[in-house]
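S.K.: give me coordinates for this.
(2 chains)
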There are 2 protein chains.
Amino acid sequence: MSTPRRGTYTPETLLSVAVAVFNERGYDGTSMEHLSKAAGISKSSIYHHVVGKEELLRRAVSRALDGLFGILDEEAAGRGSALARVEYVTRRMVEVLTAELPYVTLLLRVRGNTRTERWAMERRRAFDQRVAELLKAAVADGDLRADVDTRLATRLVFGMVNSLVEWYRPQAGGYDRDQVADTVVRLAFDGLRARG
Amino acid sequence: MSTPRRGTYTPETLLSVAVAVFNERGYDGTSMEHLSKAAGISKSSIYHHVVGKEELLRRAVSRALDGLFGILDEEAAGRGSALARVEYVTRRMVEVLTAELPYVTLLLRVRGNTRTERWAMERRRAFDQRVAELLKAAVADGDLRADVDTRLATRLVFGMVNSLVEWYRPQAGGYDRDQVADTVVRLAFDGLRARG
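M.R.: Numbers count the residues shown, from 1 in each chain, chains lettered A, B, ... in the order given. Presented below is the predicted three-dimensional model:
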């Protein structure tokens, strides 16, 4: 977490501090006091930017959701076979997750106690549904196997992709984003088995 | 959660109540008071069974870990090619996860603030390591593709399997255990793509 000097605060830097605190303490467990301490500015300075912590939550999960929904509007997500599109979307999901890691982490942990949380969960489900529809279309085209339940496959692919928030750390020096994206797409669509 | 009548408490029923409370409130957020209320028995009755909440945590995560490590001792996990063994182990992981859902959920959420939590995380890593070694051996045999990093593949397979604790609900009437196990094994080893 960066610690900007007093006076350099912008809504953007406040948001990144808030997301780190929400992810560490949980949204419910975070008070304006916690945010004020973490940001090193007074509560009234925070209120200068936002009406309360729920606005920070909304902005943070919106950033994650905008990143994910934005994929579906990209040209390659609407071009070619359903299979080509769903492979493209899967790769881009990994890229968005790793690029917006704290924001997507927060989105995935949201549990539905406030209106904003329920809204975020609903949007997340709507995104999952769009991916499920692409998978279904690819099965109908005969490009994906029909002996796998599409809804279950969707859950497992998302399980694999979303697990990134648990273990992927850009600074850990391990995997780069492309390698992770390649591996997810290979595993999901071609599997680990060697082909002779 | 079952609510046994007073006087019918056994260490086993107390454990299942404790696991439900730990999963709902988090281990750190659970007090003996919470456990006493949820179990409907006095704190001193709980102390009759255990020295404190950490003992309940240890018993609960041990049950999950014993289930997982037990797989590796099964005959089929030690017979045949590394590929056959790792496919068997993957299938059984799904079965253990779904059979011991609250216990494995707790194990996966443990974060390492107490000695018991650190021990559980270490055992969990040791299990993951055993599976990674099987995958590595199957790559060496030429049965799994060599263009995928084994450690990364292990993380993704565990990500997919462990995601079950987020969405699999035995009572939800959706998927049965065999269908989920079949789908995980197909997806991980053969992928979703149709083969002509």
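S.K.: next one: phi and psi at residue A:144?
M.R.: phi -120, psi 150 (degrees, to the nearest 10).
S.K.: ugh, wrong one, I meant residue A:193
M.R.: Torsion angles, degrees, to the nearest 10, at residue A:193: phi -70, psi 140.
S.K.: again, but for residue A:147
M.R.: Dihedral angles (degrees, to the nearest 10) for residue A:147: phi -90, psi 20.
S.K.: and the gap between it and chain B?
M.R.: 8 Å (Cβ to the nearest Cβ, to the nearest Å). (Glycine included, C-beta is placed from N, CA and C.)
S.K.: again with residue A:181
M.R.: To chain B, residue A:181 is 11 Å away according to Cβ to the nearest Cβ.
S.K.: what does chain A put close to chain B?
M.R.: A:83, A:135, A:142-149, A:152-153, A:155-164, A:166-167, A:175, A:179-180, A:183-184, A:186-195 (Cβ under 8 Å from any Cβ of the partner chain).
S.K.: what's the domain layout of chain A?
M.R.: A:11-50, A:58-190 (automatic domain parsing).
S.K.: mean confidence score for the longest helix seen in chain A?
M.R.: Using DSSP state H, we find that the single longest helix of chain A is helix A:115-140. Confidence over helix A:115-140 (mean pLDDT, whole number) is 97.
S.K.: what comes into contact with the very next helix or strand once past that helix?
M.R.: Next along the chain after helix A:115-140, taking DSSP states H and E as the criterion, comes helix A:150-162. Counting contacts by Cβ atoms under 8 Å, 6 or more residues apart in numbering or on different chains, the residues outside helix A:150-162 that touch it are A:90, A:93-94, A:97, A:108, A:128, A:131-132, A:135-136, A:139, A:184, A:187-188, B:156-157, B:159-164, B:166-167, B:175, B:179-180, B:183-184, B:187, B:192.
S.K.: how about low-confidence regions in chain A?
M.R.: Flagging of chain A using pLDDT under 70 yields the residue ranges A:1-9, A:172-173, A:196.
S.K.: helices of that one, residue ranges please.
M.R.: A:11-25, A:32-39, A:43-49, A:53-73, A:82-99, A:101-109, A:115-140, A:150-162, A:164-167, A:177-190.
S.K.: centre-most residue in chain A?
M.R.: The residue lying closest to the centre of chain A (Cα atoms, centre = their mean) is residue A:104, at 3.0 Å.
S.K.: is it in contact with residue A:165, as I believe?
M.R.: Yes - taking Cβ atoms under 8 Å as the definition, residue A:104 is a contact partner of residue A:165 at 6.0 Å.
S.K.: spit out the residues that contact these two alike.
M.R.: With Cβ under 8 Å, 6+ apart as the test, residue A:104 and residue A:165 both reach residue A:97.
S.K.: give the closest residue to residue A:124 in space, chain neighbours not counted.
M.R.: Spatial nearest neighbour of residue A:124, chain neighbours left out: residue A:107 (6.4 Å); criterion: Cβ to Cβ, 6 or more residues apart in numbering or on different chains.
S.K.: so the closest residue to residue A:132 other than its chain neighbours versus chain B, what's the distance?
M.R.: Distances taken as Cβ to Cβ, 6+ apart put residue A:154 closest to residue A:132, at 4.2 Å, once the chain neighbours are dropped. Between residue A:154 and chain B the computed distance is 10 Å (Cβ to the nearest Cβ).
S.K.: please apply the same query to residue A:90.
M.R.: For residue A:90, the distance to chain B - Cβ to the nearest Cβ - is 10 Å.
S.K.: my guess is that residue contacts residue A:182, does it?
M.R.: No - applying Cβ under 8 Å as the test, residue A:90 and residue A:182 come out as separate, 10.8 Å apart.
S.K.: and these two? Which one has more around it.
M.R.: Neighbour totals were compared for residue A:90 and residue A:182, and residue A:90 leads with 22 against 18 (other Cβ atoms under 10 Å in any protein chain shown).
S.K.: for burial, what's the neighbour tally of the nearest residue to that one once chain neighbours are set aside?
M.R.: Nearest residue to residue A:90, sequence neighbours excluded (Cβ to Cβ, 6+ apart): residue A:185, at 5.5 Å. By the criterion of other Cβ under 10 Å, residue A:185 has 19 neighbours.
S.K.: likewise for residue A:38?
M.R.: So residue A:38, with other Cβ under 10 Å, has 18 neighbours.
S.K.: mind checking which of the helices of chain A is nearest residue B:59?
M.R.: Nearest to residue B:59 among the helices of chain A is helix A:164-167 (24.8 Å), distances taken as Cβ to Cβ.
S.K.: and the closest one, how far out from the chain's middle?
M.R.: Relative to the centre of its chain, helix A:164-167 is centred 11 Å away, using Cα atoms, centre = their mean, to the nearest Å.
S.K.: tell me what that helix is packed against?
M.R.: Helix A:164-167 sits against helix A:82-99, helix A:101-109, helix B:150-162, with contacts defined as 3 or more Cβ pairs under 8 Å, 6 or more residues apart in numbering or on different chains; DSSP states H and E.
S.K.: neighbouring contacts of that helix?
M.R.: Applying Cβ under 8 Å, 6+ apart, the contact partners of helix A:164-167 are A:94, A:97-98, A:101, A:104-105, A:108, A:180, B:155, B:159.
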